[in-house]
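K.L.:
Generate a structure from the sequence data that follows.
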Amino acid sequence: MTIVALTGGVAAGKSTVTDVLSARGARVIDADILARAAVAPGSPALQKIGERFGAGVFDATGSLDREALGRVVFQDSEARAALNAIVHPRVKELYDLEVAALAAESPDAVVVYAVPLLAEARSASEFDAVIVVHAPKEERLARLKEHRGFSDDEARARVDSQVSDEARLAMADSVVDCSGSLEQTERAAHELFHELQDLWPNRLSELSRRFPRVSS
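P.N.:
Numbering: from 1, shown residues only. Below you'll find the predicted structure:
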């Protein structure tokens, strides 16, 4: 089975790209969904979060209050590292289970692993190729403020908590340019789907040499 990692900075357009890929029938494993499962009510990871961060990061039902937790970890690198040390190992376990299930079902499939924190949590060498969904920092800051209602400080804290654009792009075998409009991003995602579709019949050992650069 061929596994392609798809990554990008916050508000770069990853969700739009993965939504298009999923709608077209691509096999997508979403790290954000795994991360939510990792901290489900009653999970060991959620208990550890409570022990580390206290009751203030939970809502009235006892579920994780992601906004409250975000206000802590995006302002404190040590707190963020502590959270990652709790969540990332469980996400890796859940990922391994999904990969095993897909391998048993379709051993020759090409799977897209949508993983925002590839540079922070995994190694590019674990995957057959790395696709970076890219939009410049200032564009991502504007999106966070316009579409998610973040203040300038909140937006910058989230962007700055991740690796630099230069470090992320250095990992890329292919780059999807999502710096334009939503329509341009969706068009780029459809182009990416067609490129992946061409690869599905084959198990490729040197995917990066055959994977063309994609842009909107």
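
K.L.:
which residue ranges form the strands in the protein?
P.N.:
2-7, 27-30, 110-114, 129-134, 174-177 (DSSP state E).

K.L.:
most remote residue from the chain's center?
P.N.:
Ala60 (28.2 Å; CA atoms, centre = their mean).

K.L.:
tell me the pLDDT at it?
P.N.:
Ala60 carries a pLDDT value of 94.

K.L.:
repeat for Leu204
P.N.:
Listed pLDDT for Leu204 reads 42.

K.L.:
rewinding a little: possible to save the strands of the chain as TSV with distance to Arg66?
P.N.:
Backbone N, C-alpha and C define where each C-beta goes, glycine included. What follows is the strands of the chain, written out as TSV (distance: least, CB to CB, whole Å):
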stretch	distance to Arg66
strand 2-7	20
strand 27-30	16
strand 110-114	18
strand 129-134	22
strand 174-177	26
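
K.L.:
So for Ser77, which of these sits nearest?
P.N.:
strand 2-7 (20.3 Å; CB to CB).

K.L.:
which strands and helices sit next to the closest one?
P.N.:
Packing partners of strand 2-7 (3 or more CB pairs under 8 Å, 6 or more residues apart in numbering; DSSP states H and E): helix 14-23, strand 110-114, helix 118-121, strand 129-134.

K.L.:
contacts for the longest one?
P.N.:
Among residues not part of helix 14-23, those counted as contacts by CB atoms under 8 Å, 6 or more residues apart in numbering are 6-8, 28, 30, 112, 114, 116, 133, 176, 178, 182, 185-186, 188-190, 192-193, 196.

K.L.:
which of these count as buried?
P.N.:
6-8, 28, 30, 112, 114, 116, 133, 176, 178, 185-186, 188-189, 192-193, 196 (16 or more other CB atoms under 10 Å).

K.L.:
Helices along this structure, start to end?
P.N.:
14-23, 31-38, 44-53, 66-73, 77-105, 118-121, 137-148, 152-160, 165-169, 182-199, 207-210 (DSSP state H).

K.L.:
can you redo those helices as a markdown table with distance to Met1 and mean pLDDT?
P.N.:
A markdown table is the format used below for the helices of the chain (distance: least, CB to CB, whole Å; pLDDT from 0 to 100):
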| stretch | distance to Met1 | mean pLDDT |
| --- | --- | --- |
| helix 14-23 | 16 | 93 |
| helix 31-38 | 17 | 96 |
| helix 44-53 | 27 | 97 |
| helix 66-73 | 32 | 94 |
| helix 77-105 | 5 | 96 |
| helix 118-121 | 18 | 91 |
| helix 137-148 | 32 | 95 |
| helix 152-160 | 33 | 94 |
| helix 165-169 | 25 | 94 |
| helix 182-199 | 12 | 87 |
| helix 207-210 | 12 | 43 |
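
K.L.:
Same list (those helices) but as JSON lines, adding distance to Ala129.
P.N.:
What follows is the helices of the chain, written out as JSON lines (distance: least, CB to CB, whole Å):
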{"stretch": "helix 14-23", "distance to Ala129": "14"}
{"stretch": "helix 31-38", "distance to Ala129": "17"}
{"stretch": "helix 44-53", "distance to Ala129": "30"}
{"stretch": "helix 66-73", "distance to Ala129": "30"}
{"stretch": "helix 77-105", "distance to Ala129": "16"}
{"stretch": "helix 118-121", "distance to Ala129": "12"}
{"stretch": "helix 137-148", "distance to Ala129": "23"}
{"stretch": "helix 152-160", "distance to Ala129": "25"}
{"stretch": "helix 165-169", "distance to Ala129": "14"}
{"stretch": "helix 182-199", "distance to Ala129": "9"}
{"stretch": "helix 207-210", "distance to Ala129": "4"}
